[in-house]
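> Using only what follows, build the 3D model:
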Amino acid sequence: MYHTLKNKCFTQLLILVLSLMADLTFAQSPSGYAEWKAMQQAQDQQLKKQSEASKSKSATAPSNANYYLSRPSTQQNSRSDQVHLNTASVDELQTLHGIGQKKAEAIVQYRKSNGLFKSIDDIQQVKGIGPALFAKNKAKLAL
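Numbers count the residues shown, from 1 in each chain. Alright, predicted model coming up:
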């Protein structure tokens, strides 16, 4: 028991000494902490200047109530965002949430075997696509 305790203490001491040595070596190396910190501070200063410049530009720019950095869509989904179940390729189907390669292939195979989908609800007949997955993608689905 004494021998085991002695070995544990020695091991912990050795780990502590080695970690301290590694920290000192890292801090003294040319590509160590000091260099990283200087680069980080320079980056912080650059970001601060950019932020201040953008604030001063926005203060002098005329205000426009209809101005947005990215104007939100007026429609819930544009036609280009929708995935058409009866014509979509495997790659297009994979853009849906939770649909990977296998499920996309299963959808295409189901379409070949059973004919075109009559409604978007029919996608739930494909193995691996249940009500939860259908609900997440319902807004993006079209025939």
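
> Low-confidence stretches in the protein?
Scanning the chain for pLDDT under 70 picks out 1-7, 9, 14, 18-32, 57-80.

> those strands in it, which residues are they?
Using DSSP state E, the strands of the chain run over 83-84, 141-142.

> Those into JSON lines, with extra columns for distance to Gly130 and mean neighbour count?
No exception for glycine: its C-beta is placed from N, CA and C like everyone else's. Below are these laid out as JSON lines (distance: least, Cβ to Cβ, whole Å; neighbours: other Cβ atoms under 10 Å):
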{"stretch": "strand 83-84", "distance to Gly130": "18", "mean neighbour count": "16"}
{"stretch": "strand 141-142", "distance to Gly130": "14", "mean neighbour count": "17"}
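
> Same list (these) but as TSV, adding distance to Gln101.
Below are those laid out as TSV (distance: least, Cβ to Cβ, whole Å):
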stretch	distance to Gln101
strand 83-84	15
strand 141-142	19
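
> domain parsing for this protein?
Per automatic domain parsing, the domain ranges recorded for the chain read 2-55, 79-142.

> and of the strands of the chain, who's closest to Val126?
Closest to Val126 of the strands of the chain is strand 141-142 (Cβ to Cβ; 12.2 Å).

> What helices and strands are in contact with that closest one?
For strand 141-142, the contact count by 3 or more Cβ pairs under 8 Å, 6 or more residues apart in numbering; DSSP states H and E identifies strand 83-84 as packing neighbours.

> that older thread, winner for burial among the domains of the chain?
With neighbours taken as mean count of other Cβ atoms under 10 Å, these reach their highest mean count in domain 79-142, at a mean of 14.

> so Asp121 touches Ala135, yeah?
No. Applying Cβ atoms under 8 Å as the test, Asp121 and Ala135 come out as separate, 11.0 Å apart.

> quick one, helices of this protein?
With DSSP state H as the criterion, the chain has helices at 2-28, 33-60, 90-93, 101-114, 131-137.

> which residues sit against the last one?
Residues from elsewhere that reach helix 131-137 (Cβ atoms under 8 Å, 6 or more residues apart in numbering): 83, 96-99, 121, 123-124.

> Let me have those in a markdown table, adding distance to Ala38 as columns.
Below are these laid out as a markdown table (distance: Cβ to Cβ, whole Å):
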| residue | distance to Ala38 |
| --- | --- |
| Val83 | 50 |
| Leu96 | 47 |
| His97 | 44 |
| Gly98 | 45 |
| Ile99 | 47 |
| Asp121 | 60 |
| Ile123 | 56 |
| Gln124 | 58 |
